[in-house]
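Chemist: no sequence for this one, just the structure:
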């Protein structure tokens, strides 16, 4: 017997505004939580935190339930922001508040970063303020009338050939990038991330994003013809080909896009009926969660130090459990980035991270200064100043705080939430094609959990997506057009 959890009894296609349905409780509770957190963090009033934390979590939980119910879509951008915030910030924050201690190796790294208990506490508050600002920005965008139409899933048959061509070009570019920067041994050993990238090879790296774009469009082509789980094969191939780079987030993007495409195809087929929680759905969610954890675990083992990997017991359940205990704080979890930002202080970068990223590709030709917030956190707190630089994921919240200060959080994060709402509305109104939307969604989420420095990659991918779609409708469609032109005169004579 299925366990049914009804999120609402609205019509088949949702038409209610997500701020006026059942009053204005969502914007009011969001504003109340944000203002409490703002005052607490601005003036460092610790006595406000016991009041702020429950209100903030209540507002975020209420937003998740309400938005999911109104749109009948657990994969909507705001729900994904809340899920990411829960994994990246809230879980480690709540564990530390409860007195849990991270493993020794993680604790040593945090000690090396010189993070105090107050840094963790205020970093937790900063994360909540940032997510509340995203919710408020989402609620601000309220069109007079929400008209949803059938999703744009259909693609011309010629787009399939454009997608395959894009994958081939992307694969060749990725191969060229590998061969120009490292040996086969470095790729097999997982040490490619430590390789110094040769000047002039960056163009192959960006051209290789055609592999991701082509795989997503090919997946969409297969879904539009009725193939479901087989449609994930192109995404899986793209993930495996990207694996030697060592970046797990980049490798798994194509698979995440394929899964979201599959979700929306199922929702469209079910007529956007009420969301229910059934046993099979819980099993699917569990399998997806395990898959993501395994990707991060295997990727961490693959790109780790070869000497340490040789001494370890290899991939095992014990190793997986050990990884989970530590990754909650420093790999899946990312609260230490915000705690580090609190330790350094606000507005120390003067906007260089944003100007350097958002001005791309002009920054490649003009003397526009850029500065990585994640690298800056490591340089200041850990003290690494050698040629081989590395950094943490500063996250969009940390970028805003380090570049402009606390006052920028409501502006930047609310603008981010509003932009997500606009894109989502265009998608649900049938204006934006599902393949392009999914790519924009995933890279938008990567900007949140990673950094604004992902912007050049996101812009490149979206340009490639529009190009593949256009080529599928024009250049690769010439044969079909010529066939129609030959048939037309015969039809006229009849």
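Modeler: Yes, it's here. As the structure is a prediction and not an experimental result, all values here were calculated from the model.

Chemist: mind telling me what element residue 420 is part of?
Modeler: helix 408-428 (DSSP states H and E).

Chemist: cool, and residue 250?
Modeler: Using DSSP H and E, residue 250 maps to helix 248-269.

Chemist: got the angle for that helix vs helix 408-428?
Modeler: With axes from the mean of the first three to the mean of the last three Cα atoms, to 10 degrees as the basis, helix 248-269 and helix 408-428 are set at 40 degrees to each other.

Chemist: what is the mean pLDDT for helix 248-269?
Modeler: For helix 248-269, the mean pLDDT works out to 87.

Chemist: who does it touch, helix- and strand-wise?
Modeler: Counting contacts by 3 or more Cβ pairs under 8 Å, 6 or more residues apart in numbering; DSSP states H and E, helix 248-269 packs against helix 209-224, helix 233-242, helix 279-302, helix 434-449. (C-beta placed from N, C-alpha, C; glycine too.)

Chemist: just these: most buried one?
Modeler: Counting by mean count of other Cβ atoms under 10 Å, helix 209-224 has the highest mean neighbour count of the helices and strands packed on helix 248-269, with a mean of 27.

Chemist: which helices and strands does that one pack with?
Modeler: helix 157-181, helix 233-242, helix 248-269, helix 434-449, helix 455-473.

Chemist: thinking again about what came up before, the inter-axis angle of the helix holding residue 250 versus helix 279-302?
Modeler: In this structure, helix 248-269 runs at an angle of 170 degrees to helix 279-302, with the same axes, to 10 degrees as the basis.

Chemist: mean pLDDT and distance to residue 327 added to the helices and strands packed on helix 248-269, as JSON lines?
Modeler: Compiled in JSON lines, these are given as follows (pLDDT from 0 to 100; distance: least, Cβ to Cβ, whole Å):
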{"stretch": "helix 209-224", "mean pLDDT": "92", "distance to residue 327": "25"}
{"stretch": "helix 233-242", "mean pLDDT": "89", "distance to residue 327": "19"}
{"stretch": "helix 279-302", "mean pLDDT": "78", "distance to residue 327": "7"}
{"stretch": "helix 434-449", "mean pLDDT": "94", "distance to residue 327": "14"}
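
Chemist: as JSON lines, the ones you listed with distance to residue 181 would be great.
Modeler: Formatted as JSON lines, those follow (distance: least, Cβ to Cβ, whole Å):
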{"stretch": "helix 209-224", "distance to residue 181": "17"}
{"stretch": "helix 233-242", "distance to residue 181": "15"}
{"stretch": "helix 279-302", "distance to residue 181": "18"}
{"stretch": "helix 434-449", "distance to residue 181": "23"}
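
Chemist: who's in contact with residue 332?
Modeler: Neighbour list for residue 332: 87, 88, 91, 293, 296 [criterion: Cβ atoms under 8 Å, 6 or more residues apart in numbering].

Chemist: hmm, 10 Å instead?
Modeler: 87, 88, 91, 92, 292, 293, 296, 323, 324, 326, 449 (Cβ atoms under 10 Å, 6 or more residues apart in numbering).

Chemist: what does residue 45 give?
Modeler: Going by Cβ under 10 Å, 6+ apart, the list of residues near residue 45 reads 36, 39, 52.

Chemist: buried subset of those?
Modeler: In the contacts of residue 45, burial by neighbour count holds for 36, 52, counting by 16 or more other Cβ atoms under 10 Å.

Chemist: let's see which of the contacts of residue 45 end up in strands.
Modeler: When strands are assigned by DSSP state E, not one member of those lies inside them.

Chemist: quick one: distance of stretch 260-277 to the chain centre.
Modeler: Its chain's average C-alpha position is 21 Å from that of stretch 260-277, according to Cα atoms, centre = their mean, to the nearest Å.

Chemist: care to break the protein down by domain?
Modeler: The record's domain parsing of the chain by automatic domain parsing lists 13-148+295-350+396-432, 154-271+446-478.

Chemist: who wins for proximity to residue 288 among these?
Modeler: For residue 288, the closest of the domains of the chain is domain 154-271+446-478, at 6.8 Å, according to Cβ to Cβ.

Chemist: residue 176: how many residues sit nearby?
Modeler: By the measure other Cβ atoms under 10 Å, the count of residues near residue 176 is 16.

Chemist: what do you get for residue 228?
Modeler: Using other Cβ under 10 Å, the number of residues around residue 228 comes to 12.

Chemist: how close does it sit to residue 259?
Modeler: From residue 228 across to residue 259, the span is 11 Å (Cβ to Cβ, to the nearest Å).

Chemist: so, low pLDDT: which residues of the stretch 351-494 of the chain?
Modeler: 384-388, 477-494 (pLDDT under 70).

Chemist: switch the cut-off to 50
Modeler: Residues of the stretch 351-494 of the chain meeting the criterion pLDDT under 50: 483-494.

Chemist: can you check the stretch 101-250 of the chain too?
Modeler: Counting by pLDDT under 50, the stretch 101-250 of the chain contains no low-confidence range.

Chemist: go again using 90 as the cut-off
Modeler: Applying pLDDT under 90 to the predicted model, the residue ranges of the stretch 101-250 of the chain that meet it are 101-114, 116, 141-161, 175-206, 221-232, 236, 239-250.

Chemist: how much space separates the nearest residue in space to residue 476 that is not next to it in sequence from residue 210?
Modeler: Nearest in space to residue 476, with sequence neighbours left out and distances taken as Cβ to Cβ, 6 or more residues apart in numbering, is residue 158 at 4.1 Å. As judged by Cβ to Cβ, residue 158 and residue 210 stand 17 Å apart.

Chemist: who touches the closest residue to residue 293 other than its chain neighbours in this structure?
Modeler: Spatial nearest neighbour of residue 293, chain neighbours left out: residue 324 (7.0 Å); criterion: Cβ to Cβ, 6+ apart. Under the criterion of Cβ under 10 Å, 6+ apart, the contact partners of residue 324 comprise 293, 296, 297, 331, 332.

Chemist: quick one on the thing from earlier: in the helix holding residue 420, what counts as buried?
Modeler: Of the residues in helix 408-428, those with enough neighbours to count as buried (16+ other Cβ under 10 Å) are 408-410, 412-414, 416-421, 423-425, 427-428.

Chemist: wait, residue 233 sits on residue 219?
Modeler: Yes: using Cβ atoms under 10 Å, residue 233 makes contact with residue 219 at a distance of 8.1 Å.

Chemist: find residues that contact each of those two.
Modeler: 227, 258.

Chemist: can you say which of the helices and strands packed on helix 209-224 is nearest to residue 223?
Modeler: Put simply, out of those the one that sits nearest residue 223 is helix 248-269, at 5.2 Å, with distance taken as Cβ to Cβ.

Chemist: hmm, back to that, with distance to residue 367 added, can I get the domains of the chain in CSV?
Modeler: CSV is the format used below for those (distance: least, Cβ to Cβ, whole Å):
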stretch, distance to residue 367
domain 13-148+295-350+396-432, 16
domain 154-271+446-478, 17
